[in-house]
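Asker: got a structure for you, letters missing:
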């Protein structure tokens, strides 16, 4: 029995060593999981891009804004005189926080009346919103205590500084409103990528790839023909997902569904192109599925689906830019939760479309190389 068992073990090790791709996947996946989860998972967000709307423009308002600037939560990246401009920056995803200082801020401070400042947060991501709102309230409390300590004994002084907070787009800080649109994007990617990853491999294993090669069809047309049926299937899936999101989870859909369907086409070609690329570099369906999982894992971690990208190390943020879903998540949440238009989405659509073109081109080139 020992000899027979030893023979089986040796046989399995030999087969494993003869399949270096599977061996590499088995070794790299745990390392990749540990590194990604270790660096990416964070419950505290820092360095949030902030718009300042200072109508006071006084020494007192600048001193208060310095408190926000010196904290690790805010980066005062933009200054404007218009709340509408600030809202456009938030809708476009360029800013997460708006600090509004009223015109009478300095006058009320000098008269020992309660001076107010408004902090508005993009609450489409409730985790970011809670961190930003808590930090703003803490800064206001510390500033008030310092003012009280300097003016000890002043009977007319009540609450010297009040930081009022407001949450845009998701006032209840509902996690469902944030997660469901993200799940919609992730599910669509998982289906399209997984199905197309085995498309070419299945033809090769069934022996029908040679029949396709000898036909007059060009390689690019073959790749496109492999993708288009899954695009139709993807649109069926997104329709069902939107119905469930709206009527079962009661997620408000504020944007244009027509725009969402049009933009989704670019995402499908990016995701399906990546799946076809995986299919052309894999020899078996098992390898294709393993490679798909190797790609799908970062989707949950560094794309912004579960954890804020602002809190991740810079190299992980750059790595996430190579995933089409990183851009599609911003688009879906922007359309569904914020109701933004094309003017705020083009900087996400263009890189996503370029990724799709690159993946498709590499798929055609890789397939041609295998035929030689």
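Answerer: Perfect, I can see it now. Since the model is a prediction, treat every value here as computed from it, not as a measurement. Numbers count the residues shown, from 1 in each chain.
Asker: Quick one: the strands in the stretch 1-150 of the chain, in order.
Answerer: 48-54, 74-79, 97-101, 115-122 (DSSP state E, counting those that start in this stretch).
Asker: Ok, which of those comes nearest residue 359?
Answerer: Closest approach to residue 359 among the strands of the stretch 1-150 of the chain is made by strand 48-54 (29.9 Å; C-beta to C-beta). Backbone N, C-alpha and C define where each C-beta goes, glycine included.
Asker: Mind giving me the packing neighbours of that closest one?
Answerer: Strand 48-54 is packed against helix 59-70, strand 74-79, helix 83-91, strand 97-101, helix 126-150, with contacts defined by 3 or more C-beta pairs under 8 Å, 6 or more residues apart in numbering; DSSP states H and E.
Asker: which one of those is the most hemmed in?
Answerer: With neighbours taken as mean count of other C-beta atoms under 10 Å, the helices and strands packed on strand 48-54 reach their highest mean count in strand 97-101, at a mean of 23.
Asker: Relative to that one, what are the paired strands and their orientations?
Answerer: strand 48-54 (parallel), strand 115-122 (antiparallel) (DSSP bridges).
Asker: chain center to the shortest one, what's the gap?
Answerer: Which is strand 48-54. 22 Å (C-alpha atoms, centre = their mean, to the nearest Å).
Asker: How about stretch 75-82?
Answerer: Distance, centroid of stretch 75-82 to centroid of chain: 24 Å (C-alpha atoms, centre = their mean).
Asker: Spatially, what comes nearest to the most centrally placed residue in the chain if we skip its sequence neighbours?
Answerer: By C-alpha atoms, centre = their mean, the chain has its centre lying nearest to residue 304, at 3.0 Å. In space, and not counting its chain neighbours, residue 304 is closest to residue 329: 5.3 Å by C-beta to C-beta, 6 or more residues apart in numbering.
Asker: Wait, a helix at the one you found?
Answerer: Yes: assessed with DSSP: H, G, I helix; E, B strand; the rest coil, residue 329 lies in a helix.
Asker: got a list of what it touches?
Answerer: Applying C-beta atoms under 8 Å, 6 or more residues apart in numbering to residue 329 gives the contacts 181-182, 185, 303-305.
Asker: With mean pLDDT and distance to residue 321 added, can I get the strands of the stretch 1-150 of the chain in CSV?
Answerer: Formatted as CSV, those follow (pLDDT from 0 to 100; distance: least, C-beta to C-beta, whole Å):
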stretch, mean pLDDT, distance to residue 321
strand 48-54, 94, 17
strand 74-79, 92, 19
strand 97-101, 95, 23
strand 115-122, 92, 20
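Asker: of these, which approaches residue 163 most closely?
Answerer: From the strands of the stretch 1-150 of the chain, taking C-beta to C-beta, the stretch that ends up closest is strand 115-122, at 5.6 Å.
Asker: re earlier: in CSV, list the strands of the stretch 1-150 of the chain along with distance to residue 256.
Answerer: Output for those, formatted as CSV (distance: least, C-beta to C-beta, whole Å):
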stretch, distance to residue 256
strand 48-54, 25
strand 74-79, 27
strand 97-101, 25
strand 115-122, 20
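Asker: Out of those strands, which is closest to residue 310?
Answerer: Among the strands of the stretch 1-150 of the chain, strand 48-54 sits nearest to residue 310 (C-beta to C-beta), with 6.3 Å.
Asker: domains of the protein?
Answerer: Under the assignment automatic domain parsing, the domains of the chain span 48-168, 174-371.
Asker: Can you flag the weakest of those domains by average pLDDT?
Answerer: Lowest mean pLDDT within the domains of the chain: domain 174-371, a mean of 83.
Asker: roughly how far is that domain from the heart of the chain?
Answerer: For domain 174-371, the distance to the chain centre is 13 Å (C-alpha atoms, centre = their mean).
Asker: go on, stretch 100-118?
Answerer: With C-alpha atoms, centre = their mean, you get 38 Å for stretch 100-118.
Asker: Pull up the distance across that stretch, start to finish.
Answerer: Terminal residues of stretch 100-118 lie 5 Å apart, using C-alpha to C-alpha, to the nearest Å.
Asker: rewinding a little: let me know which of the strands paired with strand 97-101 is the nearest to residue 76.
Answerer: Comparing the strands paired with strand 97-101 by C-beta to C-beta, strand 48-54 comes nearest, at 5.2 Å.
Asker: ok, residues contacting the closest one?
Answerer: By C-beta under 8 Å, 6+ apart, strand 48-54 touches 61-62, 65, 68, 73-83, 85-86, 89-90, 94-101, 128, 131-132, 310.
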